[in-house]
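Chemist: output the structure for:
(2 chains)
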Amino acid sequence: MSLSDFFNMGGYAFHVWTSYGLSFVLMLLLVLLPIKRKKQLLRSIRKAILRRSQT
Amino acid sequence: MWKFILQLTSFRNFYRFSGRLLPWLGGITLVLFAIGLYWSLVVAPIDYQQKDSYRIIYIHVPAAWMSMFVYIVMAVSGAIHLIWKTKLSVVIANACAPIGATFTFLALVTGAIWGQPTWGTWWVWDARLTSELILLFLYIGYMSLYSAIEDRATAARAAAILAIVGVVNIPIIHYSVDWWFTLHQSASISVSKGSSLHPSMYWPLMIMATAYKFYFVTVLLQRTRNEILERDQNANWVQEMEKQL
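Modeler: Predicted coordinates for the structure are as follows:
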């Protein structure tokens, strides 16, 4: 099987790659968004600690 | 054993324990996906009727299984909250909702994309498809109900009740293909009857299903830890942990 055969998926390239692509994007977002949120949370917690130690 | 489980229900202990578990879960998920995707897209043979379009099975079926599994986790967490008033179970149930909604959405969309060449239509209002769509609305309903109620304790209780009532939909989804005449095919794999899939197609599907399970636990812990951090941001243990960094 050649690489172009693989991407062509026997003529079903649109169906197969749209399904896999959409699943990949959404499931990646489900991992990345909480990582971003965690960074935000830790930043605000650190800020609050700094503010308290200064006063 | 019970003592260990009880100790885990405290936010602080759960945060620490899950933090140690997370890199392992993430690693196992990646390895399983690497093997599963290679097997599904390259190694597994072509289907003699559907040709390569059948390869959608490797992401459609695990997403559909997870859409129901996550719902049960969410409803059981809700029930545990109602019975024992544990805060951790609310956090877990809340974390389940967006993840389960994503799996449900993916099951519906990959199903539609698969249905187009196989059935000649993207969508029919048959029992399997309709009950899966209702599942999506149940997840969305859980999230909107929780965020619509200002008081946190009332919100948690109301959302838990919604989740528990919605469980009736799960056996309907599962048995819909047997109870009604549907365009959707009946199960190829069942606990009681085994599998009608050829082993060369069955095993990659099992690897993908396991990858989805590990993936779910990974993202569930991520979300649970974030809400713990948010709720306990003024607690001593969070302050101490942050000062050490």
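Chemist: can we go C-alpha only for contacts and neighbour counts from here?
Modeler: Noted.
Chemist: so the most centrally placed residue in chain B is in which element?
Modeler: Closest to where the C-alpha atoms of chain B average out (C-alpha atoms, centre = their mean) is B:Val70, at 3.3 Å. Counting by DSSP states H and E, the element that carries B:Val70 is helix B:57-84.
Chemist: just the strands in chain B please.
Modeler: For chain B, strands defined by DSSP state E occupy the ranges B:189-190, B:194-195.
Chemist: what's in contact with the last one?
Modeler: With contact meaning C-alpha atoms under 8 Å, 6 or more residues apart in numbering or on different chains, strand B:194-195 is reached by B:Ser188, B:Ile189, B:Tyr202.
Chemist: ok, the closest residue to B:Ser147 other than its chain neighbours - how many residues close by?
Modeler: Ranked by C-alpha to C-alpha, 6 or more residues apart in numbering or on different chains and with sequence neighbours excluded, the top spatial neighbour of B:Ser147 is B:Ala155, at 7.3 Å. Using other C-alpha atoms under 10 Å in any protein chain shown, B:Ala155 is surrounded by 18 other residues.
Chemist: still on that earlier bit, list the contacts for the residue nearest to the centre of chain B?
Modeler: B:Val70 neighbours (C-alpha under 8 Å, 6+ apart): B:Cys96, B:Ala97, B:Ile99, B:Gly100.
Chemist: surely B:Phe214 touches B:Thr29?
Modeler: Yes: between B:Phe214 and B:Thr29 there is a contact under C-alpha atoms under 8 Å: 5.4 Å.
Chemist: quick check: residues of chain A near chain B?
Modeler: A:6, A:9-12, A:15-16, A:19-20, A:22-23, A:26-27, A:30-31, A:34-35, A:37-38, A:41, A:45-46, A:49 (C-alpha under 8 Å from any C-alpha of the partner chain).
Chemist: returning to that earlier point: how near is the residue nearest to the centre of chain B to chain A?
Modeler: Using C-alpha to the nearest C-alpha, to the nearest Å, one gets 14 Å for the distance from B:Val70 to chain A.
Chemist: next one, pLDDT for that residue please.
Modeler: Note for B:Val70: predicted pLDDT of 98.
Chemist: now A:Met1
Modeler: 67.
Chemist: ok, B:Gly115 next?
Modeler: For B:Gly115, pLDDT reads 93.
Chemist: ok, the residue nearest to B:Ser147 - contacts?
Modeler: B:Leu145, B:Tyr146, B:Ser147, B:Ala148, B:Ile149 are the contacts of B:Ala155 under C-alpha under 8 Å, 6+ apart.
Chemist: tell me, how many neighbours does the third one end up with?
Modeler: Taking other C-alpha under 10 Å as the neighbour definition, B:Ser147 ends up with a count of 14.
Chemist: same deal with the first one?
Modeler: Look at B:Leu145: counted by other C-alpha under 10 Å, it has 16 neighbours.
Chemist: ok, the closest residue to it other than its chain neighbours - how many residues close by?
Modeler: Leaving aside its sequence neighbours, B:Leu145 sits nearest to B:Ala159 (C-alpha to C-alpha, 6+ apart; 6.2 Å). Neighbourhood size, B:Ala159 [other C-alpha under 10 Å]: 24.
Chemist: just B:Gln185 next, same as before
Modeler: With other C-alpha under 10 Å as criterion, B:Gln185 counts 10.
Chemist: I figured it hits B:Tyr175, correct?
Modeler: No: if you go by C-alpha under 8 Å, B:Gln185 and B:Tyr175 don't touch, sitting 11.5 Å apart.
Chemist: elements contacting the strand or helix carrying A:Leu50?
Modeler: Secondary-structure assignment from DSSP H and E places A:Leu50 in helix A:13-54. Judged by 3 or more C-alpha pairs under 8 Å, 6 or more residues apart in numbering or on different chains; DSSP states H and E, helix A:13-54 is in contact with helix B:57-84, helix B:87-119, helix B:199-231, helix B:236-244.
Chemist: ok, of these, where does mean pLDDT dip lowest?
Modeler: helix B:236-244 (a mean of 85).
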